[in-house]
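Novice: prediction below, plus the sequence it came from.
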Amino acid sequence: MDVNGFVIEPRANLAGVDLTDAILVGADLTGADLVGAILTGADLTRARLTGANLNGAYINGAILAGANFVEADMSGADLHGADLTRANLTGANLTGADLPRALLTGANLHGANLHGANLTWAIFTGAYLDGAVLAEANLTGADMTRAILTGADLHGANVHGTILTRAILTGADLTGADLTGADLTGADLRETNLTGADLARANLTGAELNGAILTGIILTGADLTGVKGYNSIASDG
């Protein structure tokens, strides 16, 4: 497959190439070197990028729906506004990646590393983030309605104003996380570690907190209507 004069094939060397707005639907770029490549606005629907190296690539505004990024290195990549609907990002490295307003509805991020990533206003409705690393990530304003975050690492994350309605956070680590103003209506927080978390003005209506570690949490102005496990709360606020 030849696009814009570049050969598109598994393990292709495409480091730094400009593929802006390229049509790469279903392309097989397994193990390809795309370090610093420009894929702005490209259509990679259902493309295969398993194990590809996209470190520092520009993928902003790209269509990546249903694409396969299993074990891909996307650290430091620019994915601003990218469409990753139902994409498979299992085990992908997204450390420090930029994903503001990205669409990740139904995406699979099982075990993915998003440490320090910018996820502001991203949409993760129904996404799978079980076992994912989101430590120190910025999730301000993100929509994680019904997202699966079982065992996820969110310590020190900025979850300010994040929508986590009916999200599953069983066994997740939210130590020191900023959850001020977050919507946790009906969220499952059983066995979750919330040590030192700030839940001021958060909406916890109907949330499940049985078995959660709640030492030193701040609940100033929080809505605790119908919370299960409320009697176990030890709060500083």
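Specialist: Yep, it's here.
Novice: contacts for stretch 30-38?
Specialist: Taking C-beta atoms under 8 Å, 6 or more residues apart in numbering as the criterion, the residues outside stretch 30-38 that touch it are 9-20, 48-58. From N, CA and C alone the C-beta is placed, and that goes for glycine too.
Novice: buried ones from those, can you make that a PyMOL selection?
Specialist: Per 16 or more other C-beta atoms under 10 Å, the buried members of those correspond to this PyMOL selection:
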select buried, resi 12+14+17+19+48+49+50+51+52+53+54+55+56+57+58
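Novice: out of the contacts of stretch 30-38, which sit inside helices?
Specialist: Applying DSSP state H to those, no entry is found in helices.
Novice: for residue 55, give me its contacts.
Specialist: Contact analysis of residue 55 by C-beta under 8 Å, 6+ apart lists 35, 36, 73, 74, 75, 76, 77.
Novice: run the last query once more with 7 Å
Specialist: Listed by C-beta atoms under 7 Å, 6 or more residues apart in numbering, the contact partners of residue 55 are 35, 73, 75, 76.
Novice: against residue 100, how distant is it?
Specialist: Distance check for residue 55 against residue 100: by C-beta to C-beta, to the nearest Å, it reads 19 Å.
Novice: okay, now stretch 124-132: how far is its last residue from its first?
Specialist: Start-to-end span of stretch 124-132 (C-alpha to C-alpha, to the nearest Å) is 13 Å.
Novice: what sits up against that stretch?
Specialist: The contact list for stretch 124-132 (C-beta under 7 Å, 6+ apart) reads 104-112, 114, 142-152.
Novice: show me which of those residues are buried.
Specialist: 104-112, 114, 142-152.
Novice: low pLDDT regions in this protein?
Specialist: 230-237 (pLDDT under 70).
Novice: now the helices: where do they sit in it?
Specialist: Per DSSP H, the chain carries no helices over any range.
Novice: strands of that one, residue ranges please.
Specialist: Applying DSSP state E to the chain gives strands spanning 2-3, 6-7.
Novice: pick the most buried one from those strands.
Specialist: Among the strands of the chain, strand 6-7 has the highest mean neighbour count (mean count of other C-beta atoms under 10 Å), at a mean of 13.
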